[in-house]
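Enquirer: Got a sequence here, can you model it:
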Amino acid sequence: MWFLGDNGAFFLNSILISGIMLKYFFLLISIFSAFVGVAQELDGKWIGWLSQDGKTDTFYYEINIAQKGDGISGVAFSSLNEGKVQARFVLSGIRQGDKIVMQEVEQIEPKKPKWCFKYMILNPKADEEEAYYGTWTADGCTPGKVYLARPYTQAIPEREKAFTYEGRWTGHVSQTDRAYGFFFEVNLKPDGTGVSTIVSEGNGGTAHLAFDWDTLTEAAHLRIMENAVIDKTDGKWPWCIKNAALYLTKVDGKYLLDGEWTGHIEDHDMESGPCAPGTMHLERPILKQENRQRAKEEFDPYQAKHQRAVKIDKVLHVQSKNLKIKVWDNGTVDGDFVTLLLNGKKILDNFRVDKRKWSIPVQILDGDNFLILHAEDLGDISPNTVAVSIYDGVKEEIIVLSSNLEVSGAIMIKPFRF
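Expert: Down below sits the predicted model:
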């Protein structure tokens, strides 16, 4: 029996809510009417993931629900392998105080084969606002875990008003005409302008581009519109001037901006020199006061010794304290020498990275852990970009870190607490 299936996009419409889903809504209300909840309203979209015990695949999971009293009705959507495997279900449920109980009750798409109908029990996640974590079961299927969090929309709740797009975001851009991606960083200024940094470990080196940005009400949460190349290390390399439409979500201790971009080659326009389009992914860690204090304790001795700033580019949650860290050059092998420090201790010293993946077994601590990439030598292409993979026994995550002689990139690693 399939866990998830083939389908297109996920939508919730009023016809579905008022029709087939309401019969399940009233059924569950009659069963659970004794429970009275005082938790937050649940209407709208929630996104996250599903896993199965003992299996490595992690499925994207999304629900869009309507709430009436303590009753819930809506549609669930899940996908795997970049949307190649998809399914959509009618969903019903009940809120029991802070707890949510939900059941997939009908398969909308695909029509065949029949898939597992998951029964989920979710509790608020203690270390995150508007996030739930729990278990799911289904007849004839291996059970697993489920995580859901409220994505951000343009209408940010009152208690979230402190959020701002302004500041530094890091990530990568891809392009449809090539197999490799580019390290990408943006700094969004309060006046609606900014500077992006793009690094190619193939040809091209590094470039800085000026852009304008704004927030929209319909097309996307954020637009980035590059307009000129400020400087570049390879004067002969033509860069793409990009326009991106990005959507904001808050997942597992970080803000994410994802979307597509189009553009044209510098000194051309969309007619005379269009670029192959691609995708853009940017992240910004959510650092609470206790995270910042722990980071300060870790980074102060390093910064005093090396006279370099440290910037946390990623927050990574792992399911084990025993990890395997691999490091390699993800682009052109150009003579980069790096040192990796985990919680202030060297786990790799003055190492020349190449295409071979060098593996290092480590054990992390409870709480916040910090992995710093220290550039010993920038090689032929500046800055120093290195691919780092972190495997926790269940899932491997690959991250591209960038460091130079003034700023070192870092990852904050946190073990899950179930």
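
Enquirer: how near is Ala362 to Gly344?
Expert: In this structure residue 362 is Val, not Ala. Val362 sits 13 Å away from Gly344, going by C-beta to C-beta, to the nearest Å. (Each C-beta comes from the backbone N, C-alpha and C, glycine too.)

Enquirer: Comparing the two, which shows the higher neighbour count?
Expert: A direct count of neighbours by other C-beta atoms under 10 Å for Val362 and Gly344 places Val362 higher, at 18 against 12.

Enquirer: For the host helix or strand of that one, which strands pair with it and how are they oriented?
Expert: Assigned by DSSP states H and E, Val362 belongs to strand 358-363. If you go by DSSP bridges, strand 358-363 pairs up with strand 322-328 (antiparallel).

Enquirer: who does the following helix or strand past the strand it pairs with pair up with?
Expert: Note on strand 322-328: by DSSP H and E, the next helix or strand toward the C-terminus is strand 337-342. Its sheet considered, strand 337-342 pairs with strand 345-352 (antiparallel), strand 369-377 (antiparallel) by DSSP bridges.

Enquirer: so who does Glu290 touch?
Expert: Contact partners of Glu290, counting by C-beta atoms under 8 Å, 6 or more residues apart in numbering, are Asp368.

Enquirer: quick one: secondary structure of it?
Expert: Under DSSP: H, G, I helix; E, B strand; the rest coil, Glu290 falls in the helix class.

Enquirer: how far away is it from Gly367?
Expert: 9 Å.

Enquirer: still on that earlier bit, need the winner for burial among the strands paired with strand 337-342.
Expert: Burial of those is given as mean neighbour count (mean count of other C-beta atoms under 10 Å); strand 369-377 ranks first at a mean of 22.

Enquirer: Can you show me the CA trace of it as PDB?
Expert: The C-alpha trace of strand 369-377 is given here as PDB (Å, rounded to 0.1, in the frame of the first residue of the first chain):
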ATOM      1  CA  ASN A 369      26.200  23.400  19.100                       C
ATOM      2  CA  PHE A 370      28.200  25.500  16.700                       C
ATOM      3  CA  LEU A 371      30.200  24.400  13.700                       C
ATOM      4  CA  ILE A 372      32.500  27.100  12.300                       C
ATOM      5  CA  LEU A 373      34.100  27.100   8.900                       C
ATOM      6  CA  HIS A 374      37.500  28.900   9.200                       C
ATOM      7  CA  ALA A 375      39.200  29.800   5.900                       C
ATOM      8  CA  GLU A 376      42.900  29.200   6.100                       C
ATOM      9  CA  ASP A 377      43.500  30.000   2.500                       C
END
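
Enquirer: Nearest to Thr262, out of the strands paired with strand 337-342?
Expert: Nearest of the strands paired with strand 337-342 to Thr262, taken as C-beta to C-beta: strand 369-377 at 31.7 Å.

Enquirer: Now find how far off-centre the helix or strand just after that closest one is within its chain.
Expert: Downstream of strand 369-377, the next assigned helix or strand under DSSP H and E is strand 384-391. Per C-alpha atoms, centre = their mean, to the nearest Å, the displacement of strand 384-391 from the mean C-alpha position of its chain is 16 Å.

Enquirer: tell me what strand 384-391 is packed against?
Expert: Packed against strand 384-391 by the contact rule (3 or more C-beta pairs under 8 Å, 6 or more residues apart in numbering; DSSP states H and E) you find strand 322-328, strand 337-342, strand 369-377, strand 396-403, strand 407-415.

Enquirer: Quickly, which of the ones you listed bottoms out on average pLDDT?
Expert: Sorting those by mean pLDDT places strand 396-403 lowest, at a mean of 80.

Enquirer: if we look at that one, which residues are touching it?
Expert: In contact with strand 396-403 (C-beta under 8 Å, 6+ apart) are residues 170, 172, 181, 183, 185, 199, 313-314, 316, 330, 338, 373-375, 383-391, 409-411.

Enquirer: Tell me if I am right that Pro301 is in a helix.
Expert: Yes: counting by three-state DSSP, one finds Pro301 located in a helix.

Enquirer: quick one, what contacts it?
Expert: Gly344.

Enquirer: where are the low-confidence patches of the stretch 251-400 of the chain?
Expert: Across the stretch 251-400 of the chain, the ranges flagged by pLDDT under 70 are 252, 330-335, 377-384.

Enquirer: Ignore what I typed, I meant the stretch 51-200 of the chain.
Expert: 81-84, 151-162, 179-180.

Enquirer: what about 90?
Expert: Counting by pLDDT under 90, the stretch 51-200 of the chain contains low-confidence ranges at 51-88, 97-98, 106-116, 125-131, 140, 147-168, 170-185, 190-191, 197-200.

Enquirer: which residue ranges form the strands in it?
Expert: 58-68, 71-80, 85-96, 99-109, 119-124, 131-137, 144-149, 167-173, 182-188, 193-200 (DSSP state E, counting those that start in this stretch).

Enquirer: which helices and strands does the fourth one pack with?
Expert: Contact analysis of strand 99-109 by 3+ C-beta pairs under 8 Å, 6+ apart lists helix 20-32, strand 71-80, strand 85-96, strand 119-124 as its packing neighbours.

Enquirer: who does the most centrally placed residue in the chain bridge with?
Expert: Nearest to the geometric centre of the chain sits Leu256, at 5.1 Å (C-alpha atoms, centre = their mean). On the basis of DSSP bridges, Leu256 is bridged to Thr249, Glu283.
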